[in-house]
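A.B. asks: Return atomic coordinates for the entry below.
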Amino acid sequence: MKVDKVHPAVNPTTDTMMDPEEQGELELTEHDQLPDVEEYKASVGHRSKTSNGALSGSSSSRRPDPEGYESSYSATANDNFAMNSAEGDEIVQKDFHEIPRLGKFEKSQARLAWGSRSWKICGIVSFLLLVIVLLVLFLAGGDEEDFWHFLKGDTHSYREIKEYVTQVSKLTDPQSFDGKATPQYYAAQWLAHGDGLKVPVPRNNNVHYNERYAMAVLFFSLGGPGWTNKLNFLGPDHICAWYQEFKVINFEDEDLDQSSKVYGVHACRDDGTGELAPHAIYLSKSSIPPYAISPPCKINVLTFSPFTFSSFLAATNGLNGTIPSEIAGLVRLESLEIQSNPEVTGTLPEGLQSLTGLNRLMLQGCDIDGQIPSWISKMTGLRTLGLGGNGMTGTLPSDIGALDQLELLGLDGNQLYGNIDLFVTMTNLRSLYLDNNYFSGTLSEEWMDSLSRLEELDMSDNVLDGGIPEGFFNHDNELSLKVIDLHGNQLTGPFPSSIDENKVLEFLALHENKLDETIPDSLANLKALKHLDISLNEFTGNLPQTLYTMSKLEYLFVGENSFSAEPLSDFLIELSNLRELSMKNSQLTGSIPEAIFFYLKDLQFLDFHLNRLVGEIPTNIWLLSDLKYLLLKMNNLTGTLPETMNQLTNLEVLLLEQNNFIGDAGVICNEPDMSLEAFVSDCEDESAGIVCECCTACCKPGDAVCNTFDFNWRENLDPVWQYGYRRQRYSSKSYGRT
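C.D. replies: Numbering: from 1, shown residues only. Got it, this is the predicted structure:
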């Protein structure tokens, strides 16, 4: 067997090409190639015929062309086109050179005649080209019918395959063949009449044949005929060639750097018998451009996972339907990804439990419903399980903790119930996403210590109760845990009073709970913190001055607590990396310090609304050139709008109502570079307030019920949204969110 071009290994965790030294288990050998066609046939007991009709066991390197029509048609079309072009050139040359030598008058008449004739010839050529174009368009429109050419009905070959898959391999329930519009029927018809490899039906259960049939059923069950790009599925090759490689162009790079992505069967490896086996299938939402490269010869993973394009290139590949039970035929599969396809429905097929070697199952962002079945606890080889963003309901299996090899578990965005103690035995977890469900239970130091390898923990928007344990931030995983999101629960009690120095935790979200008492000075020991949200609780006292030493903070939300009244602290200038700052309803008094705008130049979101601020808007507000949201409503601010506000050309939302501003808003309305989505001020009564011709809503001064609906201009609510927290190993977390 010759060694063909080796496909670059792709890290199934990050969906990126791996350097040779990183490949590890996915490193390919001379066996990691497409087998010779006849060798593949031999693996299922096929013997080919020689030219004289005798049976032979010898192999041939020539790939059979089913029907032979495809190559012959293209060759004939090309020959005809070349012949017509040549003949046309010959005619022109002949007519031109046979014009006789004539006098001036005769020459002019000849030229006129030749010109007329040339126009006729051009007209004929143009007409023929038009006919060719129309014919091509007609043939293209007939692709749908041509695709189904293999439907031949109840033939002997079809019955033979039907008997094999229902009686021998038992992959399919006989009832699946009751109709003629089922994925199983189409797959059997294709194997019988359309498969260019012409693999014979084995007499005994054969894993290679089962895989080919299972892949065909998967194709039809997920709407393959309607895919934007069929990725070479149903090709006349080993199923390891059912993939396609694409160029990914970074249009933001001046050099237009290009990289490659592979979709379809992603990495085939020798299964130990000398035969290639597909080890991963990725059928997740794909952004596939129209510039495909010829595929290399080998791979061992079936991959349709997503990759990021500029928004104008994004497109779904059109997957829809259900995951068939015939998936059980892919017994050597290690990775299956069908994430971010909202048209994929149904329940988890029982066939998955037959895939004992499966270590990666990513189905998040689909529309799968029903309960999580009890048999999933037997899939103990799983290291990644993503079921988030579906419509799954009910309680978790009581023994789901048996999945103790899991490193990533995503059950977020469903309607699931259960106690968080179910996960305490999953000691290898690095990422746990349980948000937006109905999980209950109480946090404990023991629970945190048992999950000592955690890096990302999101249990937000559940029904957790009790307090935050005193040693919550001093547990064994303090050297690894980077993200803690517990917002939207029913947590009560004080913030832990003693926090050891921690240089790892970057993201802490505790908003929308019922935490109370004062915030300790030791909060500043979270040295690496970039995101802190403690808003919408019942904290009292004042913000600790040590808070302003947390210089790495980029996002600080502390509003809507029960803090004591105090002026805006000048120490805010120490937080020079802030992008978003919200101190809504925090009993703030005094004026807005000019120094804030001088030092916090990276601000994009600033919310001081519903406080007791007085004075004018500082004129150096123009320094906030990146500002998008400015919320100053419901204060006691006075004066006119500073002329420098017209330099805030990135501003999208400006809320100024329920203040004491005067003058007009021409500085904003007359600035062509400013186009606000929302601009609200006290402009209903021109005698008291400001004149505003471009406001999207006008209020009367003192009208407490004006513009009370919740704009919810908060930009970021959890790690899915926040800078740098994209759940990289759970890459489809963009589903349903923009």
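A.B. asks: Backbone torsions only: list them for the closest residue to Gly370 other than its chain neighbours.
C.D. replies: Leaving aside its sequence neighbours, Gly370 sits nearest to Thr347 (CB to CB, 6 or more residues apart in numbering; 3.8 Å). For the C-beta atoms, the positions are set from N, CA and C on the backbone; glycine is no exception. Main-chain torsions, Thr347, degrees, to the nearest 10: phi -110, psi 170.
A.B. asks: Would you mind listing the buried residues in stretch 621-633?
C.D. replies: Of the residues in stretch 621-633, 621-624, 627-633 count as buried by neighbour count, 16 or more other CB atoms under 10 Å.
A.B. asks: Return the closest of the residues you listed with respect to Asn232.
C.D. replies: Nearest to Asn232 out of these is Lys628 (CB to CB; 44.7 Å).
A.B. asks: measure that closest one to Met448 for me?
C.D. replies: For Lys628, the distance to Met448 equals 37 Å [CB to CB, to the nearest Å].
A.B. asks: cool, Ala704 as well?
C.D. replies: 45 Å.
A.B. asks: Looking at the two, which is more packed in?
C.D. replies: Using other CB atoms under 10 Å, the more surrounded residue of Ala704 and Met448 is Met448, with 23 against 10.
A.B. asks: quick one: that one and Glu470 touch, right?
C.D. replies: No. In this structure, Met448 is not within contact of Glu470 by CB atoms under 8 Å, at 11.9 Å.
A.B. asks: What separation do you get for the closest residue to Pro349 other than its chain neighbours and Phe177?
C.D. replies: The spatially closest residue to Pro349, leaving aside those adjacent along the chain, is Ser325, at 4.6 Å (CB to CB, 6+ apart). Distance, Ser325 to Phe177, by CB to CB: 14 Å.
A.B. asks: out of the buried residues of stretch 621-633, which one sits closest to Lys700?
C.D. replies: Lys633 (13.6 Å).
A.B. asks: Show me which of Ser325 and Phe177 is the more surrounded one.
C.D. replies: Using other CB under 10 Å as the criterion, Ser325 and Phe177 rank with Ser325 on top: 20 against 17.
A.B. asks: from memory the more buried one sits against Glu350, does it?
C.D. replies: Yes. Taking CB under 8 Å as the definition, Ser325 is a contact partner of Glu350 at 6.0 Å.
A.B. asks: contacting residues around Ser157?
C.D. replies: 192-193, 201 (CB atoms under 8 Å, 6 or more residues apart in numbering).
A.B. asks: Top of those by number of neighbours, please.
C.D. replies: Ranked by neighbour count under the definition other CB under 10 Å, those are headed by Ala192 with 22 neighbours.
A.B. asks: what's the closest non-adjacent residue to that residue?
C.D. replies: Distances taken as CB to CB, 6+ apart place Ser157 nearest to Ala192, at 3.8 Å, with adjacent residues excluded.
A.B. asks: do Leu648 as well
C.D. replies: Leu627 (5.5 Å).
A.B. asks: how much space between that neighbour and Leu523?
C.D. replies: 27 Å.
A.B. asks: again, but for Ile376
C.D. replies: Between Ile376 and Leu523 the distance is 40 Å, computed by CB to CB.
A.B. asks: ok, now Leu218?
C.D. replies: 52 Å.
A.B. asks: Neighbour count: those two, which is higher?
C.D. replies: Leu218 (25 against 21).
A.B. asks: my guess is that one meets Pro324, correct?
C.D. replies: Yes. Taking contacts as CB under 8 Å, Leu218 lies within contact range of Pro324: 6.1 Å.
A.B. asks: residues shared between the contacts of these two?
C.D. replies: Common neighbours of Leu218 and Pro324, using CB under 8 Å, 6+ apart, are Pro183.
A.B. asks: re earlier: of all the buried residues of stretch 621-633, which two lie farthest apart?
C.D. replies: For the buried residues of stretch 621-633, the farthest-apart pair by CB to CB is Leu623 and Lys633; their separation is 21.8 Å.
A.B. asks: Can you list the low-confidence ranges for the stretch 451-600 of the chain?
C.D. replies: 475-479 (pLDDT under 70).
A.B. asks: can you give me the helices for it?
C.D. replies: For the stretch 451-600 of the chain, helices defined by DSSP state H, counting those that start in this stretch occupy the ranges 594-599.
A.B. asks: what does the stretch 101-250 of the chain give?
C.D. replies: Secondary structure of the stretch 101-250 of the chain, counting by DSSP H, counting those that start in this stretch: helices at 104-141, 143-147, 156-163, 183-193, 207-221.
A.B. asks: which stretch in these has the least confidence?
C.D. replies: Lowest mean pLDDT of the helices of the stretch 101-250 of the chain: helix 104-141, a mean of 51.
A.B. asks: ranges for the strands of the stretch 201-350 of the chain?
C.D. replies: Using DSSP state E, counting those that start in this stretch, the strands of the stretch 201-350 of the chain run over 243-249, 258-265, 268-270, 276-278, 280-282, 292-293, 302-303, 321-322, 335-337, 344-345.
A.B. asks: which of those strands has the lowest average pLDDT?
C.D. replies: That would be strand 292-293, which, of all these, carries the lowest mean pLDDT at a mean of 30.
A.B. asks: ok, Asn489 - contacts?
C.D. replies: Here Asn489 is in contact with 459-465, 512-513 (CB under 8 Å, 6+ apart).
A.B. asks: Could you identify which of the residues you listed has the most neighbours?
C.D. replies: Ranked by neighbour count (other CB under 10 Å), the contacts of Asn489 have Ser460 at the top, with 26 neighbours.
A.B. asks: Return the residues in contact with that one.
C.D. replies: Contact analysis of Ser460 by CB under 8 Å, 6+ apart lists 435-436, 485-489, 509, 718.
A.B. asks: mind listing which of these are in strands?
C.D. replies: 485, 509 (DSSP state E).
A.B. asks: Is it possible to get the contacts of Ser460 out as a markdown table so that each row also shows distance to Ser687?
C.D. replies: Listed next are the contacts of Ser460 as a markdown table, based on distance: CB to CB, whole Å:
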| residue | distance to Ser687 |
| --- | --- |
| Asp435 | 50 |
| Asn436 | 49 |
| Asp485 | 49 |
| Leu486 | 50 |
| His487 | 44 |
| Gly488 | 45 |
| Asn489 | 49 |
| Ala509 | 45 |
| Asp718 | 45 |
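A.B. asks: which of the contacts of Ser460 are buried?
C.D. replies: Buried among the contacts of Ser460 by 16+ other CB under 10 Å: 435-436, 485-489, 509, 718.
A.B. asks: Can you tell me which of the residues you listed is closest to Tyr186?
C.D. replies: Proximity of those to Tyr186 (CB to CB) peaks at Asn436, which lies at 37.5 Å.
A.B. asks: Backbone dihedrals for Tyr629, please?
C.D. replies: Torsion angles, degrees, to the nearest 10, at Tyr629: phi -130, psi 120.
A.B. asks: gap between it and Leu575?
C.D. replies: From Tyr629 to Leu575 the distance is 18 Å (CB to CB).
A.B. asks: Check Pro672 too.
C.D. replies: As judged by CB to CB, Pro672 and Leu575 stand 34 Å apart.
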